[in-house]
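*Asks:* Generate coordinates for the sequence data below:
(2 chains)
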2 protein chains.
Amino acid sequence: MKIDHPYLMFLGDAPDQLAAKTAIGIADWRPQWCKGQLRLTGCQADLGLPDMTIAEAKAAGVRTLVLGVANRGGIIGPAWMETLLAALDAGMDIANGLHTRLTTIPELVERAREKGCSMFDVRHFDGTLPVGNGEKRPGKRALAVGTDCSVGKMYTTLAIEAELKKRGQKATFRATGQTGIFIAGEGISVDAVISDFISGAVETIAPANEPDHWDVIEGQGSLSHASFAGVSMGLLHGAQADALVICHEPTRTHMRGLPGYKVPDLKTTMELNLTHARLTNPDCKVVGIAINTKALDEAAATRLLADVAAEFGLPCVDPVRTGVAPIVDKLLEI
Amino acid sequence: MKIDHPYLMFLGDAPDQLAAKTAIGIADWRPQWCKGQLRLTGCQADLGLPDMTIAEAKAAGVRTLVLGVANRGGIIGPAWMETLLAALDAGMDIANGLHTRLTTIPELVERAREKGCSMFDVRHFDGTLPVGNGEKRPGKRALAVGTDCSVGKMYTTLAIEAELKKRGQKATFRATGQTGIFIAGEGISVDAVISDFISGAVETIAPANEPDHWDVIEGQGSLSHASFAGVSMGLLHGAQADALVICHEPTRTHMRGLPGYKVPDLKTTMELNLTHARLTNPDCKVVGIAINTKALDEAAATRLLADVAAEFGLPCVDPVRTGVAPIVDKLLEI
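*Replies:* Below is the predicted model of the structure:
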């Protein structure tokens, strides 16, 4: 799955800014790829990009229409269909972040075939994968793991990739979820692969590389999440991480989606992840902690980051508020 | 997926007894369901059942033709097709343990539709599942976990189910792999579900039940297996096990399929599994150890079982050599 850019960001009839969360992430991290946005009547989201028709986007060199928006009930209505067909008619590919698969809508499949266009359902995976082999491969790898889902793992790994590149290091962000795939232009939604192949999927997207190259791998879920820990476990084993970054959100009252489950503390999370990471890479180390302090004021955030850094003797940052430089310093000691 | 019995066991042109391993397991555990076997020219396997044609099986009341045999390269040749079509013509369902899906062979799909028959590809799962919710549900559950793959988890759980029933207890074996599904007549191959739904699959196959009912859940893989630990992790969380049985094969020199990986010791396996099991059931206990001592002589086996029992203060049995009664004694203390 290799998605061509530049992108035209399709926001459809998104009822609010939150419904366009995926599109916002893409525009934040790959502004140079996002030529414009296409909004239908009633759309309440705005990426601050030029509004474009399909024809204007085509003229601007757009290669792919990106559906980075949540819709209601997973149904692709007539208004959407008109735009999608026009994009295919203009020779664009379509990359889709909805659960609904474009590849099961016969009219689109037929039109894409006629026009020689590709359609990518990035939340799904239909290819074949090897079973993970656990064999040591060259290249260095960092992985974000978390106390919970949605605690900033993607943001943290993207920030680490950017910081490594800024310092002239060889680094590649490796995407394991839908927003990350749009940002990387490739990747596999590991939670969408057949469970026998989770670690094999990660071995595939973060393959052997030059000895001084860093793959910075997006994490998913948490070993302490009762719904998704299997995904996190396979990801950890397939990554063979040299370096782990622990991600955390300090105001969460329970595990995401599971009101009965407490969020584990950082020490537990660190120990669990190191224990399992060391199965496939005995030298794995934790190189830092990334805390999403958005809900705290500046003073409270600064105090928390300092306290956690002191407690663990590790760099502790908020990637948004402070950047990830101290974590990258530590990473480069490996 | 609910497979009707009695079964006619199709052995095809199996080159040796090992190729019919699945069929042998079914005939061992559900002899009363296996009316006969159908062998093609050159078949070198034998279940010791009456040889039957499709017509004879039909007359004997057979409901399902069971493909419990490995074939070469996953190809269904003309000789097999003839038998499969004849079974459908006779109104039988077909249940298939091969990786190759019958449901992708148009001639079979069409004939099954004409005749109103079902075809089950038990190594695959195409239904929809919920995400695991981690909510405590009534009923008691035991799960087999292992130091490695293929160390006797299915055999152990089937033996525990049988022993519980012998004692008049309410118990149901819950199948999570292909042979187990044929033996139970239902179940889900958890390694074949999308990874987001592993724990949800297990919550589905071992649902809420009477407070004094035991689900005895077949385990898969190992938390220490670099290829498949994600499956084992999701299974453990979904099972919400009250009781774990640790399964082990003492002569294995490395993890199955992974020459570079050592088999973990029993203590490590016990601790890892308890740690993660207690996320969804804080009261989870290890109730015994099941060791496959087939490769040892009687004296060595007896000594090993006694030594391990003494070391851990837990019942330690070989389900084949000694039965599982001491484990069931311990289970019923819960």
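*Asks:* Please make it C-alpha for all contacts and neighbour counts, starting now.
*Replies:* Fine.
*Asks:* residues from the stretch 201-334 of chain A in reach of chain B?
*Replies:* Counting by CA under 8 Å from any CA of the partner chain, the residues of the stretch 201-334 of chain A close to chain B are A:224, A:226-234, A:237-238, A:258, A:260, A:276, A:279-280.
*Asks:* does the most centrally placed residue in chain A count as helix, strand or coil?
*Replies:* Note on chain A: the residue nearest the mean C-alpha position is A:G180, at 2.8 Å, using CA atoms, centre = their mean. For A:G180, the assignment made with DSSP: H, G, I helix; E, B strand; the rest coil gives helix.
*Asks:* Chain neighbours aside, what residue packs nearest to it?
*Replies:* Closest residue in space to A:G180, ignoring its immediate chain neighbours: A:M154 at 6.9 Å, by CA to CA, 6 or more residues apart in numbering or on different chains.
*Asks:* starting at the chain centroid, how far to the helix or strand harbouring that neighbour?
*Replies:* A:M154 belongs to helix A:153-166 when assigned by DSSP states H and E. In terms of CA atoms, centre = their mean, to the nearest Å, the centre of helix A:153-166 is found 11 Å from the chain centre.
*Asks:* Check which helices and strands that helix is in contact with.
*Replies:* Packing partners of helix A:153-166 (3 or more CA pairs under 8 Å, 6 or more residues apart in numbering or on different chains; DSSP states H and E): strand A:140-146, strand A:170-174, strand A:213-217, helix A:325-331.
*Asks:* Comparing those, which comes out most buried?
*Replies:* Mean neighbours per residue, mean count of other CA atoms under 10 Å in any protein chain shown, is largest over the helices and strands packed on helix A:153-166 for strand A:140-146, with a mean of 27.
*Asks:* okay, the angle between it and strand A:213-217?
*Replies:* 20 degrees (axes from the mean of the first three to the mean of the last three CA atoms, to 10 degrees).
*Asks:* any residue of strand A:140-146 up close to chain B?
*Replies:* No: residues of strand A:140-146 are not located near chain B by CA under 8 Å from any CA, the shortest gap being 14.9 Å.
*Asks:* Please save the CA atoms from stretch A:137-152 in CSV.
*Replies:* Coordinates of each C-alpha in stretch A:137-152 appear next as CSV, following Å, rounded to 0.1, in the frame of the first residue of the first chain:
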residue,chain,number,x,y,z
ARG,A,137,17.6,-7.8,11.5
PRO,A,138,20.0,-4.9,11.0
GLY,A,139,19.0,-1.3,11.5
LYS,A,140,17.8,0.4,14.7
ARG,A,141,14.2,0.7,15.9
ALA,A,142,12.3,2.8,18.4
LEU,A,143,8.7,2.1,19.3
ALA,A,144,6.1,4.1,21.3
VAL,A,145,4.1,2.1,23.8
GLY,A,146,1.5,3.5,26.1
THR,A,147,-0.4,3.2,29.4
ASP,A,148,-3.5,3.3,27.3
CYS,A,149,-4.9,3.9,23.7
SER,A,150,-4.9,7.5,22.4
VAL,A,151,-2.2,8.9,24.6
GLY,A,152,-0.1,10.4,21.9
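*Asks:* any idea of the mean pLDDT for it?
*Replies:* The average pLDDT within stretch A:137-152 is 97.
*Asks:* on that earlier part again, what are the neighbouring residues in contact with the residue nearest to A:G180?
*Replies:* Contacts for A:M154 (CA atoms under 8 Å, 6 or more residues apart in numbering or on different chains) come out as A:144, A:180, A:218-219.
*Asks:* measure it to B:D196 for me?
*Replies:* Per CA to CA, to the nearest Å, A:M154 is found 18 Å from B:D196.
*Asks:* from the contacts of A:M154, which single one is nearest chain B?
*Replies:* Of all these, the one with the least separation from chain B (CA to the nearest CA) is A:G219, at 13.9 Å.
*Asks:* quick one: the closest one and A:T147 touch, right?
*Replies:* No: contact status for A:G219 versus A:T147: not in contact, 11.2 Å apart, counting by CA atoms under 8 Å.
*Asks:* So the two - more neighbours on which side?
*Replies:* Neighbours of A:G219 and A:T147, each counted by other CA atoms under 10 Å in any protein chain shown, are more numerous for A:G219; the result is 32 against 26.
*Asks:* can you pull the pLDDT of A:G168?
*Replies:* 98.
*Asks:* tell me the domain boundaries of chain A?
*Replies:* Listed domain ranges for chain A are A:7-121, A:140-331 (source: automatic domain parsing).
*Asks:* Looking at the ones you listed, which one is packed in the most?
*Replies:* domain A:140-331 (a mean of 22).
*Asks:* what's the span of it, first residue to last?
*Replies:* 10 Å.
*Asks:* Stretch A:207-227 too?
*Replies:* Stretch A:207-227: ends 28 Å apart by CA to CA.
*Asks:* swap in stretch A:28-41?
*Replies:* 24 Å.
*Asks:* and it, how far out from the chain's middle?
*Replies:* 17 Å.
*Asks:* Alright, calling it a day.
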